[in-house]
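1. need a 3D model of the following:
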Amino acid sequence: MRPVTRVLLSLLIAGGLLAILFRWGGLSLEQLLDSWRALSPSVYLQALTIHLGIYMLRAVRFRVLLPPQHRPSLGGVLAVSSSHNLAAYVLPAKTGEGTLVLYLKNFCGVPAGEGLASLVVSRLLDLATLVTFLACATLWLASEGTLAESWSWPLGLVLLLGGGLLFVISGRSGVLVRLMTAVMRLLRLDSTGIGRRLEASAQRIGTALQDAGGGGRLLTSGLLSVLIWTGVFVFYFVLARGFGLGQDLGAAKTIFASSWAVLANLLPINGLAGAGTQEFGWVVGFKLVGVNEALALSSGLGAHIVQLANVVLFGLLGHLAMAVVGEPSRTQR
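-> Alright, predicted model coming up:
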C-alpha cells in the first residue's frame, strides 16, 4: 500500500471513529472546549515533567539492552529514542517502529541486529507490563464490586496469565526464533530463497536477543519497565483529573481505563497519531468504571492532545540533537 493511501486510510479511520464517539457520547464542541479550559498550566507542567521522566527511563532501558561493546552514551540513546517515538506514535499502522534501528545504526553506530533486539525485547516487556497492570487493576475492581464479577474475574486471571507468559517469552530468544521459523514454514517460505534468507536473519536476531538478555540486563530492563508504566499511569491520572474526571478517580480505575486506550492504540489499524482508536479505548474503559461517555470523551481527547504535543516536542528536540550535536558516542570509543 502506497504511503499516501495509508495516510488517507488512517485519516478516514480516525475521523469515522471520532464521529461515532461524539454521537455516542452526545458531546458538543462547547462542552469539549470547556473541559480543555479547565486544565491549569500547573497540571500541564506536572504532566510534562512526568512524560520527560518516562522518556529518560525508556532511553536507559534501550541502552541497558544493548551489549556493552555497542552501547552509546545516554544522551545519544535519548535523542534516538525521542525521535523514534515521534515516528512510531504519529505514523499510521505502526510503520514508524523500525526507525529506532535505523537511527541507532546511523547516529550511534549500533549494528542493526542489536538495535532490533533492543526494540523487540523492549516492546515485549512493555506489553507484558501493561497486561499485568491491567490484570491487577481488573481483579482489584472486581473485588470492590466496581466491575461485574461474571466477566471481570475470568478476564483478570487470563490477563495475569498472559502477562506472565509475555515476561517469559521476552527472556527466551529461542522461543521467538522458533515462532518466526514456524510462521515462515506455515507460509511455505522455508524452501524459497527469500525464506532461507529470512531464516538466517532470524538466527542472527536470535543471537542478538540472547545477548540483550544476558548479564542480568533482562531483569534490570523488567524493573525499568515497571517504573516506566507506573509513570505512564501517573501521567494519565494527572491529566484525567485535570480534565475534570473528579476527585474520586482512583489508581485502579485509571489503570484499567487508560490501559484499554493504550491497547487500542497498539492496533496496526490505528489512525494517524492514534486518533480515534485511543479515544475509543479510553471511553470504553472509563464507561466500564462508571464515567459518563461525554466526560470520558472530552478528557480522552484532551489527554491525547497533551500527549501528542509532548511527543512532537521531544521528537523535534531529538532530531535537532542528532542533526546539531552529531554522533556523541564515537568520540568515546
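2. from now on I want contacts and neighbour counts done on CA atoms only, so please keep to that.
-> Fine.
3. please name the nearest non-neighbouring residue to Ser259.
-> Using Cα to Cα, 6 or more residues apart in numbering and skipping residues adjacent in sequence, the residue nearest Ser259 is Leu134, 6.2 Å away.
4. which helix or strand contains that neighbour?
-> helix 112-144 (DSSP states H and E).
5. which elements pack onto that helix?
-> helix 41-65, helix 99-108, helix 149-170, helix 193-212, helix 217-242, helix 251-265 (3 or more Cα pairs under 8 Å, 6 or more residues apart in numbering; DSSP states H and E).
6. again, only this time at 7 Å
-> Secondary structure elements in contact with helix 112-144, counted by 3 or more Cα pairs under 7 Å, 6 or more residues apart in numbering; DSSP states H and E, are helix 99-108, helix 149-170, helix 193-212, helix 217-242, helix 251-265.
7. least reliable of these going by mean pLDDT?
-> Mean pLDDT per stretch puts helix 193-212 lowest among the helices and strands packed on helix 112-144, at a mean of 60.
8. before we move on, the earlier item: buried stuff in the helix holding Leu134?
-> 112-122, 124-142 (16 or more other Cα atoms under 10 Å).
9. ok so, going back, winner for burial among the helices and strands packed on helix 112-144?
-> The highest mean neighbour count among those, using mean count of other Cα atoms under 10 Å, belongs to helix 251-265: a mean of 22.
10. now the angle from the helix holding Leu134 to helix 41-65?
-> Interaxial angle of helix 112-144 relative to helix 41-65 (axes from the mean of the first three to the mean of the last three Cα atoms, to 10 degrees): 130 degrees.
11. can you give me the angle helix 112-144 makes with helix 149-170?
-> 160 degrees.
12. ok and helix 112-144 relative to helix 217-242, angle-wise?
-> Orientation check (the same axes, to 10 degrees): helix 112-144 against helix 217-242 gives 50 degrees.
13. how about the contacts made by the closest residue to Gly318 other than its chain neighbours?
-> Nearest residue to Gly318 in three dimensions, chain neighbours excluded: Ala79, at 4.1 Å (Cα to Cα, 6+ apart). By Cα atoms under 7 Å, 6 or more residues apart in numbering, the contact list for Ala79 reads Gly318, His319, Ala321, Met322.
14. same question, Phe62
-> Residues near Phe62 by Cα under 7 Å, 6+ apart: Ser118.
15. how about a cut-off of 10 Å?
-> Contacts of Phe62 were listed using Cα atoms under 10 Å, 6 or more residues apart in numbering, and they are 71, 74, 77-78, 81, 100, 115, 117-119, 121-122, 212, 221.
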